[in-house]
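K.L.:
Just the structure for this:
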Amino acid sequence: MNGYELITHGRTSGWNPETDAVNAVNFYGMRPVEVAAQAGDVREFAAIVAHPDFDPTGARPHYFADVGRLSDGDGDARFARLRPELDAYKSRFVSRPR
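P.N.:
Numbers count the residues shown, from 1 in each chain. You can find the predicted model right below:
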């Protein structure tokens, strides 16, 4: 179980790579990359994806980024700041149809 979670719109409990397991789910069934994506936290999202133990298998950051984008009045701005990181994630981890 992971303690890293959203505390409010656009805000997490704070990513700590020494105490938070990079691939574990939290009480809500969200992986850290999904929490950071929903919060629109560019710094935390990039740190999680760059973690040497990060495994993208089954992660849904694009879905959760959309949830965060639609959740409040500042969501579009957070999403716009996160967009380059989401694009890099997609390019690096999401397979393309053959």
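
K.L.:
drop to CA atoms for contacts and neighbour counts, all remaining ones
P.N.:
Fine.

K.L.:
The chain: strands as residue ranges?
P.N.:
When assigned using DSSP state E, the strands of the chain occupy the ranges 6-8, 11-12.

K.L.:
Would you indicate which residues of the longest one are buried?
P.N.:
Neighbour counts using 16 or more other C-alpha atoms under 10 Å place residue 6 of strand 6-8 among the buried residues.

K.L.:
Of the strands of the chain, which is nearest residue 85?
P.N.:
With C-alpha to C-alpha, the closest approach to residue 85 among the strands of the chain belongs to strand 11-12: 17.4 Å.

K.L.:
How about residues contacting that closest one?
P.N.:
Residues outside strand 11-12 that contact it (C-alpha atoms under 8 Å, 6 or more residues apart in numbering) are 4, 5, 6, 35, 36, 39, 41.

K.L.:
residue contacts, the fourth one?
P.N.:
What that stands for is residue 35. 4, 5, 6, 12, 64.

K.L.:
that older thread, okay, the strands of the chain in a markdown table with mean pLDDT and distance to residue 18 next?
P.N.:
Putting the strands of the chain into a markdown table (pLDDT from 0 to 100; distance: least, C-alpha to C-alpha, whole Å) gives the following:
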| stretch | mean pLDDT | distance to residue 18 |
| --- | --- | --- |
| strand 6-8 | 94 | 18 |
| strand 11-12 | 96 | 16 |
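
K.L.:
CSV for those, including distance to residue 79?
P.N.:
Shown next, in CSV, are the strands of the chain (distance: least, C-alpha to C-alpha, whole Å):
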stretch, distance to residue 79
strand 6-8, 15
strand 11-12, 13
